[in-house]
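Colleague: structure for the following, please:
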Amino acid sequence: MSTDAKPMLLVFVVFAAIVIIAVVANYLAARKRRQDWLRFAASMGWNYSADDIFGLPDLPHPTFQEGHSRRAYNIVCGTYRNREFKCFDYQYTVGSGKNSHTYILTCLLLTAPLPFVPLLIRPESFGDKLGHLVGLEDIDFESDEFNRKFFVKCQDKKFAYDVLHQRAMEFLLHHKPLVIEGALMTVLFHYYGETRLFLPTAVMALLDDGCNFLDLLPAYLVQDRMGRSPAQ
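Modeller: Numbering: from 1, shown residues only. Presented below is the predicted three-dimensional model:
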């Protein structure tokens, strides 16, 4: 072997070692995450599946329309506070090659007590503020503070106003920032700007926040909407 070839071989060996270490570390972290989810589900008497047996990314929620290579996994499902739910890790990728980035977050999907008109509620981003400057408006409410902090999109403004009454707005203003996406008979929740949640405390907090929000739906709205089909 020539003298010039030795440094190149050393670089290759070091690079290969780094790749192998990263692969092994990711594998061990994923295995531990699966074990944590399994223990969590077992401790609560819920069901667990490492793989998505429900086709969750096919549901019509905006989060599931982002990017590509969408995948739900570590699914825990059951009943909590008399509501059927699924909690899971979810990932998707934007871009490609060196310019790609994969996002991973923990989501909660709750069965809704009424058919939802497609509704998106999330903290307002810098991009939303720029959109306002060029006329891309969201729905405004009576609370200036809520309007400054949240972006709301819905084709049926009355439905959005019914859902986001004063107590619901106060709940969102004084809780950890939530993304809420209602569609058909399910509502998707996850914390804005966060990745995978710690088990069990953070996931239980998300479960309670989702249930608390649905508990604020007005009785008259539930009664009215349950007389209609989900498409209405």
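Colleague: how near is Met8 to Leu199?
Modeller: Between Met8 and Leu199 the computed distance is 45 Å (C-beta to C-beta, to the nearest Å). C-beta here means a position set from N, CA and C on the backbone, and glycine is covered the same way.
Colleague: now swap in Lys158 and tell me
Modeller: 39 Å.
Colleague: looking at the two, which one has more neighbours?
Modeller: Neighbour count, other C-beta atoms under 10 Å: between Lys158 and Leu199, Leu199 has more, with 19 against 10.
Colleague: what helix or strand is the more buried one on?
Modeller: Counting by DSSP states H and E, there is no helix or strand that carries Leu199.
Colleague: ramachandran coordinates for it?
Modeller: Backbone geometry at Leu199, expressed as degrees, to the nearest 10, gives phi -100, psi 140.
Colleague: how about Leu188?
Modeller: Torsion angles, degrees, to the nearest 10, at Leu188: phi -100, psi 130.
Colleague: quick check: it touching Phe213?
Modeller: No - contact criterion C-beta atoms under 8 Å: Leu188 and Phe213 do not qualify, at 11.6 Å.
Colleague: higher neighbour count, the two?
Modeller: Leu188 (24 against 20).
Colleague: what sits opposite the more buried one in the beta ladder?
Modeller: Beta bridges link Leu188 to Leu109, Glu181 when assigned by DSSP bridges.
Colleague: how about the contacts made by it?
Modeller: Neighbour list for Leu188: Leu59, His61, Thr63, Phe64, Cys107, Leu108, Leu109, Val179, Ile180, Glu181, Gly182 [criterion: C-beta atoms under 8 Å, 6 or more residues apart in numbering].
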